[in-house]
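Visitor: How does the following fold in three dimensions:
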Amino acid sequence: MKSRLSTSARLSLANSALLALGFGLLLLLIIWLADRFMVSHVEESVNAELRILQSEEYVDGRRGVEALIQRRLQNASLNHDRLYRLESPQGLKLAGNVETWPANARVAERIFHLPSRKYPGRTQVTAKWSRLSDGSRLLVGFDEIEIAQVRADIRRAALWGLGAMLLVSLSAGLLLTRAALRPVEAIRAAAQKIIDGD
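Guide: Numbering: from 1, shown residues only. The predicted structure follows:
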């Protein structure tokens, strides 16, 4: 009996380990795909906002861009960190909530990242800048707090799912393995009786 239980336990653990490995790899793929989708969504939002502000310059000039930035900041969500900076060709701030030009904002039209002021250490800001027709520099940045929240939710759900899967697979594996080994145990018992002279 001890040997049968030991064998069934080993088989159950081996099956659960294989299931856990497959489930874990699937979860990692889902997390990676979801992360890439959310990051690309934030980057596209930054690009779209930059294009809107650039279009505003064609319609109402630099003053129109300044006014639109002010409206954006007045209507900003309390849950998000949005960064704007419009500065003159001479480097003077004209509008926005970024006081100094970021040191890592060196190349125009390229996505870069800044630390979040609202959620320091928890998330970052995806940013990009462009030059306007008069040489002014326009910077836009959106935080990734929603990505951080969804990442945490996915990881929490993944851990719960992995735990539940292990519990179910161990229980079911133990029961199925015991049932599968029952005929073997009957044969072993009969053989032992024959050996004993019965």
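Visitor: Quick one: low-confidence residue ranges for this structure.
Guide: Segments of the chain classed as low confidence (criterion: pLDDT under 70) are 1-9, 11-12, 172-174, 176-181, 184-186, 189, 198.
Visitor: the longest helix in it is where?
Guide: Scanning the chain for the helix with the most residues, using DSSP state H, yields helix 2-74.
Visitor: Now the element after it, going C-ward?
Guide: With elements assigned by DSSP states H and E, the helix or strand that comes after helix 2-74 is strand 82-87.
Visitor: Report the strands that pair with that following strand, each with its relative direction.
Guide: Each strand pairing with strand 82-87, determined using DSSP bridges, is listed with its direction: strand 93-96 (antiparallel), strand 137-143 (antiparallel).
Visitor: tell me the angle of it relative to helix 2-74?
Guide: If you take axes from the mean of the first three to the mean of the last three C-alpha atoms, to 10 degrees, strand 82-87 sits at 40 degrees to helix 2-74.
Visitor: Could you identify which of the strands paired with strand 82-87 is most buried?
Guide: The highest mean neighbour count among the strands paired with strand 82-87, using mean count of other C-beta atoms under 10 Å, belongs to strand 137-143: a mean of 24. Using the backbone N, CA and C atoms, a C-beta is placed for each residue, glycine as well.
Visitor: Mind putting the strands paired with strand 82-87 into a markdown table with distance to residue 42?
Guide: As requested, the strands paired with strand 82-87 are exported to a markdown table (distance: least, C-beta to C-beta, whole Å):
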| stretch | distance to residue 42 |
| --- | --- |
| strand 93-96 | 19 |
| strand 137-143 | 6 |
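Visitor: how about these, which one is nearest residue 30?
Guide: In this view, the strands paired with strand 82-87 are compared for proximity to residue 30 by C-beta to C-beta, and strand 137-143 is the closest at 23.6 Å.
Visitor: Could you tell me the angle between the next helix-or-strand element following the closest one and helix 2-74?
Guide: Towards the C-terminus, the helix or strand next in line after strand 137-143, according to DSSP H and E, is helix 145-195. Between helix 145-195 and helix 2-74, the angle comes out at 170 degrees (the same axes, to 10 degrees).
Visitor: For the host helix or strand of residue 128, which outside residues touch it?
Guide: With elements taken from DSSP H and E, the one containing residue 128 is strand 124-131. Contacts with strand 124-131, where a contact means C-beta atoms under 8 Å, 6 or more residues apart in numbering, come from 39, 42-43, 46-47, 50, 54, 81, 83, 102, 105, 108-116, 137-144.
Visitor: Just the angle for it relative to strand 137-143, thanks.
Guide: With the same axes, to 10 degrees as the criterion, the two stretches strand 124-131 and strand 137-143 enclose an angle of 160 degrees.
Visitor: so is residue 135 in a helix, a strand, or just coil?
Guide: Residue 135 falls in the coil class when you classify it by DSSP: H, G, I helix; E, B strand; the rest coil.
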